[in-house]
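Participant: next come a sequence and a model predicted from it.
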Amino acid sequence: MGKLKGKNIMVGYENIFNEDNRLLQAKYNITARFYDILDYPWERLYKRWRPGLVNDIRGTVLEAGVGTGRNLKYYHPSVKLTGIDLSSAMLQRAMRRGKSAVCDYNLYHDDATVMKSAPSNHFDWLIATFLCCVMPDKLQPLAIEQFGRILKPGGQFRILEMLYSKNAKDRKRQRLFAPFVEKVFGARFDRNTYSYLTKSAKLRICNTYFLKKDIYMVIEGVRVE
Ligand SMILES: C[S@@+](CC[C@H](N)C(=O)[O-])C[C@H]1O[C@@H](n2cnc3c(N)ncnc32)[C@H](O)[C@@H]1O
């Protein structure tokens, strides 16, 4: 584990990524260089939501798919944050952005479907913003199992995802962007995250709401056992 300015970043989990995640990792290791520029048109919208997504959270928090660390500066100073990401290049960006964070944080190079760096029954919160839309459907149950493992009983989760709108006009616009979004970010509007969460033995969905139209959905819940 290498130390950078008192914050930790762990490397060396390349071997355990499955083939899909290896491809995703390769994509993000390239995209990382341009990520903030490519994502800029959307981030203008997302940045309005980010404070509200994390600033009520306290305790030990695991953010899965922390990316370039866009949420870091909004966590409360008392939060003990662990951020993980598949891409070391994205994590390097997060390290830089983390300088403006007021909470304690450690970043680990890890796969959300494995979470080697996260102990069981440890976290008060699991946060993931735009992770599951990137994750292939067949891997989602594995990640959700890990969410259930690392949360304490009673621990909570909040997941922000994007979906195809039921409105024909909005859906048409999304379909125009979909090839770009998939090519560059590996993200899709048709992931079945909600459905996989409903099948989890350990996690129960308590609340869902949309941040914009019927496209950007927040799913909140709790570990029940
Ligand atoms: C669309 S970006 C979102 C980044 C950040 N959460 C945000 O809101 O800006 C998706 C991130 O998830 C990461 N990721 C994808 N699959 C992952 C996995 N299995 N485990 C950990 N991180 C993953 C990618 O490397 C990328 O940094």
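Facilitator: Yes, it's here. Numbers count the residues shown, from 1 in each chain.

Participant: and the longest helix along the chain, what's buried?
Facilitator: Counting residues, the longest helix found in the chain (DSSP state H) is helix 168-185. Residues of helix 168-185 classed as buried: 171, 174, 178, 181, 184, 185 (neighbour count, 16 or more other C-beta atoms under 10 Å). Where C-beta positions appear, they are placed from N, C-alpha and C, glycine not excepted.

Participant: how about residue 127, secondary structure?
Facilitator: Secondary structure, DSSP: H, G, I helix; E, B strand; the rest coil: residue 127 is strand.

Participant: quick one: what helix or strand has the nearest residue to it once chain neighbours are set aside in it?
Facilitator: Leaving aside its sequence neighbours, residue 127 sits nearest to residue 63 (C-beta to C-beta, 6 or more residues apart in numbering; 4.5 Å). Element membership for residue 63, per DSSP states H and E: strand 60-64.

Participant: same for that strand, what does it pack against?
Facilitator: Under the contact definition 3 or more C-beta pairs under 8 Å, 6 or more residues apart in numbering; DSSP states H and E, strand 60-64 sits against strand 80-85, strand 123-129, helix 140-150.

Participant: bridged to the residue nearest the centre of the chain, which residues?
Facilitator: Centroid-nearest residue in the chain, with C-alpha atoms, centre = their mean: residue 128, separated by 3.1 Å. Taking DSSP bridges as the rule, residue 128 bridges to residue 159.

Participant: hang on, it packs against residue 159?
Facilitator: Yes: Residue 128 is in contact with residue 159 according to C-beta atoms under 8 Å; the separation is 4.9 Å.
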